[in-house]
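Chemist: Everything below, folded, please.
(3 chains)
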Amino acid sequence: MSADAPLFTYCLRLADSALVLGHRLSEWTAYAPTLEEDIAIANLALDLIGQARLFYDYAGKIEGQGRDEDALAYLRDDRDYMNLLLVEQPNGDFAVTMMRQFLYAAFAVPYLAALTRSKDETLAAIAAKAEKEMAYHLRHAGEWVIRLGDGTEESHARAQAALDDLAIYIDEFFEVDAVEQSLIDAGIAPDPASVRSAFEATLAHVLGEATLARPAVRTGQSGGRKGLHTEHLGHLLAEMQVLHRAHPGANW
Amino acid sequence: MSEQSKTEEPMPLYEVFIRPKAGLSHKHVGSLHAIDDTMALHMARDVYTRRAEGVSIWVVRSNLIAASDPVDKDMLFEPTASKIYRHPTFYEVPEEVGHM
Amino acid sequence: MYAQALDQKDKGPAVIEDPERLARFEARCAADEKIEPKDWMPEAYRRTLIRQVSQHAHSEVIGMQPEGNWVTRAPSLKRKAVLLSKIQDEAGHGLYLYSACETLGVSREEVVEALLAGKAKYSSIFNYPTLNWADMGAIGWLVDGAAIMNQIPLCRCSYGPYARAMIRICKEESFHQRQGYEIMLTLARGTPAQKAMAQDALNRWWWPCLMMFGPPDAVSEHSSESMRWKIKRFSNDDLRQKFIDATVPQGLFLGLTFPDPELKFNEATEHWETGPIDWSEFKRVLAGEGPCNRQRMRVRRQTEADGAWVREAARVHAKKRAARQALQAAE
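Modeler: Okay, the predicted model is just below:
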């Protein structure tokens, strides 16, 4: 294992979460509740896919084995994917999609802001771009969470159900393993604990406006960083990778 | 579900104005539907600035715009056509004087 | 494209127009003046435009489905992003066009309802399935290419809001056509399997694309009114020929063959000539018997129904918020 191995792994984690969430959003194409929202969701998806490409590209360079963004995205199995469990959860209804987006963005915004101060200049630069994008995601998804939560009886019930289902994946945001700890110690990765209060404040504010109740979570689910996923990721990757894998070595 | 086939209450129509860059005026670029001003601003950003078309957005509900009546077009705008003395080219300045 | 509407006669009730106003309107059209929303216009002009612009908008929206079919399987991250932004543009085009339609005094909800009720049409080309990745190339290169042929003259359409929407749309469409051709080129120069994909796509899309321009002039029902009113500026056959002449050399450059043994270049006229088009297929698909007509409409109806609770929530929330603000202001 080279000295750069933790950094490579860390870049892949960031890339995988961005790609999987971007892919999930892209599944909405042509199915959004309004034409305007179709365009908005595509923008969110494009931001995340763009972030994933930057992180993969950097990961490939760190590894130095000639793997490009597509080799990393299309030729790894689910056990090698290290995204957060939250982002692979199926779209469900519009409430689930917006709640998932809100929770991710509420974490990503302060986390990326901290990452802009990384000693690794490339990571800091990618984070600076991504932070601005995620700030918009937070606002867009947050507005929807408020509208749905404080909307009709039906929309409130759906938004609450979405939160109840997804809340078990929140704790994973703040987990730190040996790989990440070494990068935190080196001033390369931020300590997620340092952004917990910002995350909680955002949640309290938006969920309050939305009249939604944060469910008590006794056991948060985790495992994404070890490649232990929910049942959903395998299907997502099977679909995403099928064409690329059917034609090894082809250019597209 | 068959109840829903009735026409829904329309979302308000908004007109969108974009300032292409600092120093230029906001210009009307089109319209969209949104439930309130906040949503209209978000949607205007997503719909009308996908190719870096602007640095500032105005949105206004279409029904709040007061517009001149086309029937009055002649009354309002014809009279100015004859007042050519308002334009600089109406005046002759000898060539020797140079550009003015 | 999406100008099929022009080949339907205006079937609305006859309206007796004031001859003086009508004459003035005709004179404005003849002088290439633009007509703006609040200007007086004959009822038949308004109805023809509503039909054409809404059909154009529906085509953009339904057209998102066949391409959306490949977003999740795009073979590279770059292609995924490009395809997504292209489909996003289609949604934008639908939106610009619905807005133009609304300036004619008909709400988006009304025209969408006409689509869902099966009363309004959309371009038949989207009733064909996308079966392999090369179809994303073929749609950009051929379908969008054919659309551009038709849409560039519409930028000079007499109705201001429609013309302005078309200018914006045409700018974006040229990206669509180029990215489509680039996909075809990459596949044509790729592995044998990729080249076979590209050929298969061309085989399936070529004839339907030629049909996009509508029936031959000899049998077209289009009224001379549309020409006189500067809503339509070229005949179906003229545009089709222009498309064929532009496209055949591009296809030959790809090293692909066209699914037409009779295709040949006429040295005397300097035009490419095709074999006969199977208009019975066109009529079948137009009548709802294409491979995907039912599927496309079912998906659109389902999407509208699925989104109803979201739109309702937004409406109710906006009212609550407005009421709270009013209360605050009163205090």
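Chemist: near chain A at all, stretch C:192-211?
Modeler: Yes: contact check for stretch C:192-211 against chain A, using CB under 8 Å from any CB of the partner chain: residues in range are C:A193, C:Q194. All C-beta atoms are positioned from the backbone trio N, CA, C, and that covers glycine.
Chemist: Just give me how far that stretch sits from the chain centre.
Modeler: A distance of 20 Å separates the centroid of the chain from that of stretch C:192-211, by CA atoms, centre = their mean, to the nearest Å.
Chemist: Now do it, average pLDDT.
Modeler: pLDDT averaged over stretch C:192-211 equals 98, rounded to a whole number.
Chemist: Pull it out as CSV, backbone CA atoms only.
Modeler: Presented in CSV, the C-alpha positions along stretch C:192-211 are these (Å, rounded to 0.1, in the frame of the first residue of the first chain):
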residue,chain,number,x,y,z
PRO,C,192,-17.3,-3.7,-35.1
ALA,C,193,-20.1,-4.1,-32.5
GLN,C,194,-20.3,-0.3,-32.1
LYS,C,195,-20.3,0.3,-35.8
ALA,C,196,-23.2,-2.3,-36.1
MET,C,197,-25.1,-0.3,-33.5
ALA,C,198,-24.7,2.9,-35.5
GLN,C,199,-25.8,1.2,-38.7
ASP,C,200,-28.8,-0.3,-36.9
ALA,C,201,-29.8,3.1,-35.6
LEU,C,202,-29.5,4.7,-39.0
ASN,C,203,-31.6,1.9,-40.6
ARG,C,204,-34.4,2.4,-38.1
TRP,C,205,-34.4,6.2,-38.0
TRP,C,206,-33.8,7.3,-41.6
TRP,C,207,-37.3,6.8,-43.0
PRO,C,208,-39.2,8.0,-40.0
CYS,C,209,-37.1,11.2,-40.1
LEU,C,210,-38.0,11.8,-43.7
MET,C,211,-41.6,11.5,-42.7
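Chemist: tell me which residues of that stretch are tucked away?
Modeler: Residues of stretch C:192-211 classed as buried by neighbour count (16 or more other CB atoms under 10 Å in any protein chain shown): C:194-195, C:197-202, C:204-211.
Chemist: mind listing which of these are in helices?
Modeler: The helices, defined by DSSP state H, take in C:194-195, C:197-202, C:204-211 from the buried residues of stretch C:192-211.
Chemist: Let me see the ranges of the strands in chain B.
Modeler: B:13-19, B:27-33, B:56-61 (DSSP state E).
Chemist: Out of the ones you listed, the one nearest C:G145 is which?
Modeler: Nearest to C:G145 among those is strand B:27-33; the distance by CB to CB comes to 25.1 Å.
Chemist: which other helices and strands contact that closest one?
Modeler: In this structure, strand B:27-33 packs against strand B:13-19, helix B:37-48, helix C:77-102, with contacts taken as 3 or more CB pairs under 8 Å, 6 or more residues apart in numbering or on different chains; DSSP states H and E.
Chemist: okay, these, which one's buried deepest?
Modeler: Each of those was given a mean neighbour count from mean count of other CB atoms under 10 Å in any protein chain shown, and the largest, a mean of 25, is that of helix C:77-102.
Chemist: OK, contacts around residue 30?
Modeler: No chain specified, so I'll use chain A. Contact criterion CB atoms under 8 Å, 6 or more residues apart in numbering or on different chains gives A:D38, C:V61, C:M64, C:Q65, C:G68, C:I87, C:A91, C:V299, C:T303 as the residues in contact with A:A30.
Chemist: sorry, should have said chain B
Modeler: With contacts taken as CB under 8 Å, 6+ apart, B:G30 has the following neighbours: B:E15, B:V16, B:V47, B:Y48, C:L95, C:Y96, C:S99, C:A165, C:R168.
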